[in-house]
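With the sequence up front, the predicted model follows.
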Amino acid sequence: MFKNIALPPDERMTVGTFASQNLRCIVIFLSAWVRNTFSLGCTSIYRVMILVSWSCW
């Protein structure tokens with residue numbers, strides 16, 4: 001019953017890849033948010049969010 005709880009190597013690789021991609025996306029989003037806030041103003045933050053979500057997911 002509990003035999004399949006341990007992840008196969010492929011799925012573990014996928015989880016690790018997903019985590020590293022999420023970390024990369026968080027870094028991209030934070031840098032874009034900081035740049036956007038200090039250069040363009042807060043109104044275009046939603047465009048940056050849409051752009052980041054399209055490029056990461």
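Arrived safely, thanks for sending.

Retrieve the pLDDT associated with residue 6.
Per-residue pLDDT puts residue 6 at 59.

ugh, wrong one, residue 12
For residue 12, pLDDT reads 58.

try residue 38
According to the prediction, residue 38 has pLDDT 67.

before we move on, what about the one 3 residues further on?
Predicted confidence (pLDDT) at residue 41: the value is 56.

what's the answer for residue 30, then?
According to the prediction, residue 30 has pLDDT 80.

and the next element down the chain from the helix or strand containing it?
Remark: residue 30 resides in helix 9-39, with elements defined by DSSP states H and E. Later in the chain than helix 9-39, the nearest helix or strand by DSSP H and E is helix 45-56.

for that next one, packing partners?
The elements that helix 45-56 packs onto, with contact taken as 3 or more Cβ pairs under 8 Å, 6 or more residues apart in numbering; DSSP states H and E, are helix 9-39. Just so you know, the C-beta spots here come from the backbone N, C-alpha and C atoms, and that holds for glycine as well.

Around residue 47, how many other residues sit close by?
Counted with other Cβ atoms under 10 Å, residues neighbouring residue 47 total 12.

How about the contacts made by it?
The contact partners of residue 47, taken as Cβ atoms under 8 Å, 6 or more residues apart in numbering, number zero.

Next, work out how far apart it and residue 32 are.
Residue 47 is 10 Å from residue 32, where distance means Cβ to Cβ, to the nearest Å.
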